[in-house]
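[1] Curious how this folds, go ahead:
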Amino acid sequence: MGLTVHINHEAEFCELTRKYPCFGFLGQARIPRDDDHTWRTNDRHWEYVDKTTHAVQMMVIGKTGYGKSTTLNRLVGRDVFDTDAVSVCTKDLYCGMYRIDSSVPSFFMVSDLPGVGESHYADDHYYGWYRDMLQRSDLVLYVLRADQRDYAIDEMVFSNLFDSSDKKRKVVIALNYADKIEPVRRAPGLSPEQRRNLGLRADEISRKFGVDRRDVIAYSAQDGVDFDRLVTHSAGKLRELLTV
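    The predicted model follows:
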């Protein structure tokens with residue numbers, strides 16, 4: 001069964017950089033012309049019919065219910081990613097595409113993988129596909145919940161997918177639902193006590209998952225707390241990875 005790509009959002013690159021200037025470097029970045037960055041595209045919006053295109057890709061992965069779609073919706077600024085539409089039982093990829101260069105053409109893609117860790121059957125059946133898609137990604141946001149206490153399933157999934165230092169190097173752990181960590185309060189923003197507990201949680205996750213502590217970013221996709229920090233850090237890491 002082949003991969004089905006659903007394009008949820010299409011726009012020129014300037015739409016993204018007006019909101020997040022930190023991605024501006026992609027306008028001058030050299031996109032590799034290897035298999036991992038090459039796609040055959042059929043697209044009505046730009047009228048590309050069986051066209052060879054090239055893309056830098058940021059992939060979002062994690063369990064269903066962790067806020068992957070909400071994170072992507074806040075990034076693109078529209079509610080175009082539907083949580084209910086993403087199933088671990090289908091080999092479907094949901095993405096937003098920003099056209100960087102019309103002459104090549106080249107894109108920046110932000111993509112949502114089906115939820116992981118839903119069942120042993122689904123994970124065993126699709127691990128190979130997950131690995132193939134992650135190989136095609138230049139940066140991976142692995143979404144966890146800040147208010148989660150048991151990360152055993154996430155650790156198992158993560159260790160299976162990112163089983164080398166090179167693979168882990170392109171991961172940012174996006175620690176969502178920062179506002180739900182104790183002590184929860186009704187006022188907007190995070191209290192000093194919550195920030196202290198988030199720091200401790202990030203330290204713990206860095207150790208458990210074997211990623212650099214700087215690449216664990218707590219935020220809230222729902223209300224936007226520290227979301228710009230997640231985006232800025234992710235763009236900086238992507239720039240670093242593309243220039244290595």
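
[2] Which strand residues bridge the closest residue to G67 other than its chain neighbours?
    Nearest residue to G67 in three dimensions, chain neighbours excluded: N176, at 4.2 Å (CB to CB, 6 or more residues apart in numbering). For every residue, glycine as well, the C-beta is placed using N, CA and C. Taking DSSP bridges, one finds R145 as the beta-bridge partners of N176.

[3] My read is that N176 contacts S69, right?
    No - using CB atoms under 8 Å, N176 makes no contact with S69, being 11.1 Å away.

[4] give the contact list for L144.
    Contact analysis of L144 by CB atoms under 8 Å, 6 or more residues apart in numbering lists G62, Y66, Y151, D154, I173, A174, L175, N176, I205.

[5] again, but for P32
    The neighbourhood of P32, defined by CB under 8 Å, 6+ apart, consists of H54.

[6] What distance do you get for it to D138?
    According to CB to CB, to the nearest Å, P32 stands 9 Å off from D138.

[7] now do D226
    23 Å.

[8] now do R149
    Counting by CB to CB - R149 and D138 are separated by 32 Å.

[9] So which of these two has more stuff around it?
    Neighbours were counted for R149 and for D138 using other CB atoms under 10 Å; D138 has more, 21 against 6.

[10] Can you list phi and psi of the more buried one for me?
    Reported as degrees, to the nearest 10, the phi and psi values for D138 are phi -90, psi -30.

[11] Spatially nearest residue to it (excluding sequence neighbours)?
    V56 (5.2 Å).

[12] can you pull the contacts of the one you found?
    Taking CB under 8 Å, 6+ apart as the criterion, V56 is in contact with L26, A29, I31, H37, S106, F107, F108, M109, D138, L238, L242.
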